[in-house]
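Asker: I would like to see how this sequence folds:
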Amino acid sequence: MTNFFSAIQGKFKAGYHGRYLGHILEQVAVFHPEITKPILKNAPLQCRKLPRQLLQTVTTETSYLSNEIFRSVKINSKRDTGACDQFDSSEVKDRQSDLEITLSTDHYWARVIVEIKMFDEFHENQLEDYIDWARRRHELEDRAVVVLTAYPIDSISQKIIENNSDVISHMYLSDLTIFDTVSQPKSELAALFQNYLTEEGYAMYQLKSNEDDSDYKALHSYMVLSFLPHASGHGRVATSKNIARGPVVFSNIIQNWQLVSDRLASQLNFPRIPTIRYYPEQSSKDSTINIDLPKDRILELRRHARKNKHWGRYWLCSDSVCSDDKVRLEWGQILQIQSGGENNADGIECTVYALIKRGTEQLSEAIPVVLKKDGVKDARLYSPEIFMKLLRQCVDEAAISAIKRSPDIQDKLPWLAEKVVPLS
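Answerer: Numbers count the residues shown, from 1 in each chain. Predicted coordinates for the structure are as follows:
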C-alpha cells in the first residue's frame, strides 16, 4: 500500500515537491520539533552552541527577501523590527523559502531558511540571493541557509555553497531520519514520515529497524530459497510471511545501493549518475543445464535444480565513465549465502569492493572489505555517509593500485585533483 505522503505527492508537479515537503516538515515539527535538529546542526550560524530551549517556529513559504533593503539599512534596537532611511525601490526583491526556522532566547535571535530541492533545479541567482540575505546578519539577528536535497546537486551549485560555507550549507533528506531514533515513544506520525522518505528513495531503508528482525528473516529466506537446497542447515525459512516479504526487502537493499552510488559518484566528481546493475550468480553441483523443458520431465528438472544448488551470491554493481571513455570505475556490494552459513553466524555474508578497468582489462586489484562479523546486518551499510566512506576507502586503494600499474591513469580519474595518499 502506498504511503499517505507519497500518494498525495503524486498529485503535484515535480517543481512543487520541495514546497510540499516543506509543509510536511512544518506539520511534523509541531509534534516532533527534534526533526529540526539535523537541519540546525548543519546550519552555519555564528552561534554554534545553541541553548536547549531555542526553537520558536517552523514556517513554510516564508518571504525572506520581501522589503529587504540592500543598502543604507538602519537597524532598530529591537531585534524583530527594522527601520531604514531612503531606498531605491529597484533594490527590493521578493523571494520565498520553502521553510524557515526561527530561534529565540532572551539574548539570542536567529533565522534559518531552508531551500528544498527534489527534482527541480535552482532558479537564476537563487543561491546568490540566499547568500546575500545571510551575509546581512548582525548582532541582533543571526542568519544561515540550508539547502536540503533528495539527490546530489550540480557541481556549479555545490562549488557556490562550498565557497560560502560560512553562511550556507548542503545536506540530504536522508539526514533527517536521525530524528526518528530519538522520538520516544516512537509515534505513528514519525513512522509514517520515515516510511515516506524510504519509500520515495530519499532515505536509506533500515534492515535492523524491526525489533523482531522480521525483515532480516525475510531477506534470509529469500536468499536461502534462491540459492540453497532444501536441506541447507538454515532451519525453517519458508513461512508464507517471509516468502512474500523477502523480495520487498531485497528491493529496498537495491534502493539503498542506488542512493549511496548516486551520492558517491557526485562526491567523486562524475558528471552523470552511475550505471546500476544487479544479478545473481548460482553455484551448482551439476554444471550441465538443459534450456529445454520437456513436458514429461518438468517435475524431475525442478527437483534436480533445487537439489543441486550449492551456494549463491547477488552482485550489486555501479560504474561510471572516466575522462577516457574506455576507462571506468566500478564499485560493488556482494551478498552471499552458503550451506550452513559456516563463515557467518547470521548466514548472509557481505563484501564491498572497487576496481578500475579499461575495456575488459582490470587495471587494479579489486579491493574487498569483507564484513565478517555482522554480514548484511552491519550498521555501516545503512548510514549513507559511513557507507560512502567504506566505499571511498576501496575506491582510493583501487586508484593507487591502478596508478602503479599505469601511471597515466591518474589524469583520467576525475576525483584525483590531488595525489592519492594510501590509507593507513
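Asker: Now do the contacts for Asp411.
Answerer: Ser323 (CB atoms under 8 Å, 6 or more residues apart in numbering). Backbone N, C-alpha and C define where each C-beta goes, glycine included.
Asker: In contact with Ile409, which residues?
Answerer: If you count contacts by CB under 8 Å, 6+ apart, Ile409 has them with Val327, Ile356, Leu363, Ala399, Ala402, Ile403.
Asker: Of those residues, which is the most crowded?
Answerer: Highest neighbour count within the contacts of Ile409: Ile356, with 27 neighbours (other CB atoms under 10 Å).
Asker: Ala398 is in contact with that residue, correct?
Answerer: Yes: the pair Ile356 / Ala398 is scored as a contact, 5.4 Å apart, by CB atoms under 8 Å.
Asker: any common contacting residues for these two?
Answerer: Leu329, Ser364.
Asker: before we move on, back to that, just the ones of the contacts of Ile409 in strands?
Answerer: Val327, Ile356 (DSSP state E).
Asker: Which elements pack onto the helix or strand Pro280 falls within?
Answerer: Assigned by DSSP states H and E, Pro280 belongs to strand 275-284. Here strand 275-284 touches helix 214-227, helix 240-267, strand 309-321, going by 3 or more CB pairs under 8 Å, 6 or more residues apart in numbering; DSSP states H and E.
Asker: out of the contacts of Ile409, which one sits closest to Gln336?
Answerer: Closest approach between those and Gln336, by CB to CB: Ile356, at 23.2 Å.
Asker: So for that closest one, what's the pLDDT?
Answerer: Confidence at Ile356, expressed as pLDDT, is 95.
Asker: and what of Ser157?
Answerer: On the pLDDT scale, Ser157 gets 92.
Asker: tally of neighbours for Arg48?
Answerer: Arg48, neighbours per other CB under 10 Å, totals 8.
Asker: meant to ask about Lys285, not that
Answerer: 9.
Asker: Around the residue lying closest to it once chain neighbours are set aside, how many other residues sit close by?
Answerer: Nearest non-adjacent residue to Lys285, counting by CB to CB, 6 or more residues apart in numbering: Asn308, 4.5 Å away. Asn308: 16 surrounding residues under other CB under 10 Å.
Asker: Can you tell me who Leu148 pairs with across the strands?
Answerer: Taking DSSP bridges as the rule, Leu148 bridges to Ile116, Met171.
Asker: just to revisit the earlier point, now render the contacts of Ile409 as TSV, adding distance to Leu390.
Answerer: Formatted as TSV, the contacts of Ile409 follow (distance: CB to CB, whole Å):
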residue	distance to Leu390
Val327	23
Ile356	18
Leu363	22
Ala399	16
Ala402	19
Ile403	21
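Asker: okay, and for the stretch 201-350 of the chain, where does confidence drop off?
Answerer: Counting by pLDDT under 70, the stretch 201-350 of the chain shows low-confidence ranges at 208-211, 230-238, 287-289, 340-346.
Asker: try 50
Answerer: Scanning the stretch 201-350 of the chain for pLDDT under 50 picks out 233, 342-345.
Asker: quick revisit: tilt between the strand holding Pro280 and strand 309-321?
Answerer: 160 degrees (axes from the mean of the first three to the mean of the last three CA atoms, to 10 degrees).
Asker: Just checking: what are the partner strands of strand 275-284?
Answerer: strand 309-321 (antiparallel).
Asker: Flag every buried residue along the partner strand.
Answerer: For strand 309-321, burial by neighbour count (16 or more other CB atoms under 10 Å) applies to Lys309, Trp311, Gly312, Arg313, Tyr314, Leu316, Cys317, Ser318, Asp319, Ser320, Val321.
Asker: my hunch is that Tyr196 is in a helix, does that hold up?
Answerer: Yes: assessed by DSSP: H, G, I helix; E, B strand; the rest coil, Tyr196 belongs to a helix.
Asker: which ones are touching the residue nearest to Lys285?
Answerer: Pro229, Ser284, Lys285, Asp286.
Asker: one step back: and the two most separated of the buried residues of strand 309-321?
Answerer: Lys309 and Val321 (36.2 Å).
Asker: ok, how many other residues are close to the closest residue to Lys357 other than its chain neighbours?
Answerer: Once flanking residues are discounted, Lys357 sits nearest to Arg328: 5.5 Å by CB to CB, 6+ apart. Counted with other CB under 10 Å, the neighbours of Arg328 add up to 18.
Asker: Quick check: Arg328 touching Thr360?
Answerer: No: here Arg328 does not reach Thr360: they are 10.7 Å apart, not a contact under CB under 8 Å.
Asker: Give me the below-cutoff pLDDT ranges for the stretch 1-150 of the chain.
Answerer: Judged by pLDDT under 50, the stretches of the stretch 1-150 of the chain that qualify are 66-67, 69-92.
Asker: pretty sure Asn108 contacts Glu139?
Answerer: To be clear, residue 108 is Tyr; Asn isn't right here. No: taking CB under 8 Å as the definition, Tyr108 is not a contact partner of Glu139, at 10.1 Å.
Asker: What residue spans form the domains of the chain?
Answerer: Under the assignment automatic domain parsing, the domains of the chain span 4-181, 218-412.
Asker: what's in contact with the helix or strand harbouring Asp396?
Answerer: Element membership for Asp396 (DSSP H and E) is helix 384-405. Identification of contacts with helix 384-405 by CB under 8 Å, 6+ apart yields 172, 174-175, 204, 259-260, 263-264, 267-268, 329, 331, 352-356, 363-369, 379-381, 409-410, 413, 415-416, 420, 422-423.
Asker: Is it possible to mark the buried ones in these?
Answerer: 172, 174-175, 204, 259-260, 263-264, 268, 329, 331, 352-356, 363-367, 369, 380-381, 409, 413, 415-416, 420.
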